[in-house]
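Novice: Below: sequence and its predicted model.
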Number of protein chains: 2
Amino acid sequence: MTGTTNSYILVTGGAGYIGSHTVVELINHGYNVVIVDNLSNSSYDAVSRVEYIVKKPVPFFNVDLRDSEKLGKVFEQYDISGVIHFAALKAVGESTHIPLKYYDNNVNGTIKLLETMAAHKVKTIVFSSSATVYGDVTRFKDMIPIPEHCPNDPTNPYGKTKYVIENILHDIYNADTTWKSAILRYFNPIGAHPSGLIGEDPLGIPNNLLPYLAQVAIGRREKLSIFGNDYDSHDGTPIRDYIHVVDLAKGHIAALEYLNNVTEGAGLFREWNLGTGKGSTVFDVYHAFCKAVGHELPYEVVGRRDGDVLDLTANATRANTELKWSAEKNIDDACRDLWKWTTDNPKGYAVAGYQWTTLAGTDGDYTSRVHTVTKDDLSVSFLNYGASIQKVEFKNQNLVCGLDTLDEYKSQDIYLGATVGRYANRIANGQFEINGETVKLDKNNGENSLHGGSNGFNKQNFLGPIVKRSADEENLILQFVLVDKAGANGFPGELIAAVEYTVGNDFVEVEYSATTDASGTPVNLTNHSYWNLAGNKSTIDGTQVKLATSKALEVDPNTLIPTGNVSTLDISNLDGKVDNCLIVRESSQINTSSESLVEVLEASHPDSTLVLRVETTEPSFQLYTGDYVDIPGKFGPRCGFCVEPGRLINAVNVEKWKQLVLLDNKSTYGSRTRYSFKLKN
Amino acid sequence: MTGTTNSYILVTGGAGYIGSHTVVELINHGYNVVIVDNLSNSSYDAVSRVEYIVKKPVPFFNVDLRDSEKLGKVFEQYDISGVIHFAALKAVGESTHIPLKYYDNNVNGTIKLLETMAAHKVKTIVFSSSATVYGDVTRFKDMIPIPEHCPNDPTNPYGKTKYVIENILHDIYNADTTWKSAILRYFNPIGAHPSGLIGEDPLGIPNNLLPYLAQVAIGRREKLSIFGNDYDSHDGTPIRDYIHVVDLAKGHIAALEYLNNVTEGAGLFREWNLGTGKGSTVFDVYHAFCKAVGHELPYEVVGRRDGDVLDLTANATRANTELKWSAEKNIDDACRDLWKWTTDNPKGYAVAGYQWTTLAGTDGDYTSRVHTVTKDDLSVSFLNYGASIQKVEFKNQNLVCGLDTLDEYKSQDIYLGATVGRYANRIANGQFEINGETVKLDKNNGENSLHGGSNGFNKQNFLGPIVKRSADEENLILQFVLVDKAGANGFPGELIAAVEYTVGNDFVEVEYSATTDASGTPVNLTNHSYWNLAGNKSTIDGTQVKLATSKALEVDPNTLIPTGNVSTLDISNLDGKVDNCLIVRESSQINTSSESLVEVLEASHPDSTLVLRVETTEPSFQLYTGDYVDIPGKFGPRCGFCVEPGRLINAVNVEKWKQLVLLDNKSTYGSRTRYSFKLKN
């Protein structure tokens, strides 16, 4: 941890390949980060996944650097101590066809960035340059491995933009020697984050060896073309310096810290190669990737490419010695990580059947995203806000109550569609005992604590989601995560809670899991969707139910806390008020996920052909007919009914039930519930 | 004439030193020109003077190239066939201190220009580059004189911006070979337009030899510093290639025509040096300039300057052979022209006691300029519109009727303050005979033609003014000019009419002159100011006058055309209606300017301490008490009185008077009138 507490590093292009990996490393090193990216060639999904990896929100602004007004506002809003500048168009071939766009985006964008920095007295910058600035180094004798003093002569517009920007930074330093500029000249970045969550997501046909090879492996391209095998290398193919993107990312932290350690008041302009210093041939890389994949991949040797030369390996000595940085991963590591990224994300960040937008009136607010997955007749929408279910549409009939704007969600207090936590249902007197001590919670329900307190999970923005296909490719999976800080609503210990939704042809399954750093903290998670099977009717009156159990917890009618007795609830419709905890089975586990799903309820309505079936691994479920709903203009009493599988009410204060809800730092909380839909027989 | 009729050449930076000279040459070669310039380092006065030189209005837009929206509008408004791109910051030393401003202004400005060109399918550009791109050519052997193939390595931000722009243009050509780019690398531009009307106007301390020397000569700097006299040249001082700015300007026309002659559908990217190919030492230039000035100028030899090298002479062969262009002027010519420019404009375009603004509500409309000169107690304002007198303020009392907006001027029909022409007063039946033929004019006064017809000089925008001090430095001179096309209002022949105002401590004198290409055309010019000496009163009632003559032309009361008889007007005040032509003296000349001024009238008012005295070289004057004025909300009847010296009414139709007004292409029309102001005795 070397970042300062209140200041931020602005990362331009932080949604891109190298940018996203660098943001992860920055945060891992204790820096605060704010990202600006115009998403012209990248996806917000990368940012969302970075947040998921680092378990923190990362402020993001969809800003083009050339929009000085918008960029200036970011500098006003955050105390920015330095900039890492990735944002650029970067395809060499494309740059020869649309050079003006490259100069405008890269050079002009940088000029505007530097103007804004200067206006806000931010004078520290790490610049994403490229070995491309060296041009054809074979014009010199003995210039390989390439040292930083090698004269520059870029041979394409992309490389020229990098060269010009280096010059601008140099000229700025000459004019004001308090500027600190680190020029990082990348060699060939490869690989992906070991998590498989972020990686390179090239649009169109990849230009580079490994992304191309990955697409061959995944079946998107037929075969690899190897351009010439008659070079003077051990296997006849050209030699390049491939560097793992995580190593490259770490180089930026090393450079930033080098700049931060420059004598107070002094500045610096200096270039560093970021490469391994070790060359690999095309065949070396090919074989390493085949090893990662597990079998040989088709290739064809074709003629040499114009402009290709035998060897472009970095002399990385300057970075090794000055920045105390060197590449730690090899091409096997990179190939393994790339293959995981590729198999986990065969189409990059895009997932067929998934798309997101934002809630009405919140354009540009990424916390208000609505994630919609569609599988045949089923379309389900989720929010980051409360990891909520906003919409479940089966055969064109919406089955849950949902709202349209984030303000509506924030101003309601009925847990509409939300994940309920840390502790669903009531904790008597808002307190419990652990290790002989009394822990006092936020009381938000008379004397009780209800649904985790007044600032529960339902009001939190979950990170993510990670969206992917299931292993069998059949279902779509969305993974949200929330880091609930120690002490939130009075609960001891930090809780990392994951909510994973799986959407199939005719079901939504939710799996909860949670871990804590506390020696004991109560957890009980559920979903609070209001179901309505009556077509577009505003009440559930007439809903027919088949309950798997009639065993209910008897509760004190004043406190709604179980008395210890068991009562009977024997109903076949929801025409009366119901708010009962029904007992499904005996259980003593903190993690029920490995249990088999048991049906607890089937519901239907005479006015519709659809049937809802709820199954769970949980020992009990609350059934509630929504009699206290009052969202003016939207929903009134009995607009929907809730089926909330979970642990027994107030279990944390009942000795024999305590083990059901008390999570420690050696265990993982877990449960699963599935909502299925079908036509009536 | 090689320019096409309806298309325009857009000249960016056309108000600058080289830009303004190039605009003159373009127009001289038949091109239509539209100028854009942000005037950040130049003056609209240069454009105004260019118009004066070429005797044509030149559309001008105060637009920063980085403002794509405004720039795009210029491209929409004009059919632009090509661009000559000068606009740039250009001080080498300054560029090392504020490099970002240089990159933003020069590179970004060019990117935006090129984007706008591309959007409008304009792909022809002549780019103002610099020999600075070569850097220190002494790093090579045998690279002097410098050929275009000399590798580039600029050593300062200014030079780098030029280098980057050359690269951008080259890359654009590579991407789309229908682009035509001429890169002109200037050596050392010197001199000024031989007219002395436009030249280099450096802000602050000049960086270059000749502008500095000129300021020494004019007394603004003490002495010239010569940086080293121990170089290996004939006199020990360094050798440079000095090129007359008019030669340089012509190089742009040669380049443009070369581009225009490229095979249809093909493009070009090519660099040309614009230099003389002949080197001159600092002492060579020094001696040439001293010769122009007529005496030796103080200098001091000091140490060599960092970065200076012995010889930077162009190899101009490529431009000589390909563009069929070569420098025609030598350093003696340049020194002579520079000295004329310097002595005519000792402070460049700025003139102490003069400033201009625009009429209310017409910000950015350069045709609505108001030119105000102030001499002690006298402040006089003039308009381009009608070369009118808008305001005469003596001892804080305004003495003429004037309006505030251009719309007000355009909508009135009383010739308020205006120059009246081509023919002041009436021409009977709107016709006259010449060479046995009857010429019919525009009848705008019953059967007569009055004051030049319905679209007379009073409704024309005059070009200029050229503003300068008189030879004795005492008075301020403003020169307007109008080219009145052949056939305008029916008059034969083109008339070039000049209106020169001289403002002294206590007078405004106007001198008219005119030439024509016709064998005969009638001319009679005067000024139609409405004088009011009654303080802020709305009528002239009570005004006392002393007339130098009581001899008046008798007129037919119906036609107001002289009968041939002489009547008597004997008045001492203006309390009655007066509209009479009074005869001052016998005259038979088309040009009375060399006559001595004769007093014709003195006027004063009991409510004011001021006296107006009118003197003229003219044979007669119309005295009019403004009884028909009606400008609602502004001026009513008798708001002012007019004193209009000129030729006798309808002289063109009276045989014995004809020679007074009939101008041929061998003569110059001329007259002078002076309005003086004093306190009552």
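Specialist: Alright, I've got the coordinates. Residues are numbered from 1 along each chain as shown, chains lettered A, B, ... in the order given.

Novice: For the closest residue to A:Arg613 other than its chain neighbours, grab phi and psi.
Specialist: Among residues not flanking A:Arg613 along the chain, A:Ser676 sits closest, at 4.4 Å (Cβ to Cβ, 6 or more residues apart in numbering or on different chains). Using the backbone N, CA and C atoms, a C-beta is placed for each residue, glycine as well. Main-chain torsions, A:Ser676, degrees, to the nearest 10: phi -110, psi 160.

Novice: Run a quick neighbour tally on A:Ser676.
Specialist: By other Cβ atoms under 10 Å in any protein chain shown, 20 other residues sit near A:Ser676.

Novice: I'd guessed it sits against A:Thr616; true?
Specialist: No. Assessed by Cβ atoms under 8 Å, A:Ser676 is found out of contact with A:Thr616, at 11.6 Å.

Novice: got the residues of chain A near chain B?
Specialist: By Cβ under 8 Å from any Cβ of the partner chain, the residues of chain A that approach chain B are A:95-100, A:103-104, A:107-108, A:111-112, A:114-115, A:118, A:157, A:160, A:164, A:167-168, A:171-172, A:174-175.

Novice: can you rerun that using 7 Å?
Specialist: Within chain A, the positions lying close to chain B (Cβ under 7 Å from any Cβ of the partner chain) are A:96-100, A:103-104, A:107-108, A:111, A:114-115, A:118, A:157, A:160, A:164, A:167-168, A:171-172, A:174-175.

Novice: Which residue ranges of the stretch 451-600 of chain A form helices?
Specialist: Shown for the stretch 451-600 of chain A, no helices are assigned by DSSP state H, counting those that start in this stretch.

Novice: Could you give the residue of it that lies closest to chain B?
Specialist: Per Cβ to the nearest Cβ, A:Val467 is where the stretch 451-600 of chain A lies closest to chain B, at 37.4 Å.

Novice: The stretch 1-150 of chain A too?
Specialist: For the stretch 1-150 of chain A, the residue closest to chain B is A:Pro99, as judged by Cβ to the nearest Cβ, at 3.6 Å.

Novice: how many other residues sit next to that residue?
Specialist: 26.

Novice: Was I right to think it contacts B:Ile172?
Specialist: Yes. In this structure A:Pro99 lies within contact range of B:Ile172 using Cβ atoms under 7 Å: 5.6 Å.

Novice: what about A:Asn445, how many residues close to it?
Specialist: Neighbour count of A:Asn445, defined by other Cβ under 10 Å: 17.

Novice: Give me the phi and psi for the closest residue to it other than its chain neighbours.
Specialist: Excluding the flanking residues, the one nearest A:Asn445 by Cβ to Cβ, 6+ apart is A:Arg426, at 6.3 Å. Main-chain dihedrals, A:Arg426, degrees, to the nearest 10: phi -90, psi 150.

Novice: For A:Arg426, list the residues it contacts.
Specialist: Remark: with contacts taken as Cβ atoms under 7 Å, 6 or more residues apart in numbering or on different chains, A:Arg426 is in contact with A:Asn445, A:Asn448, A:Ser449, A:Leu450, A:Leu560, A:Ile561, A:Ile649, A:Asn650.
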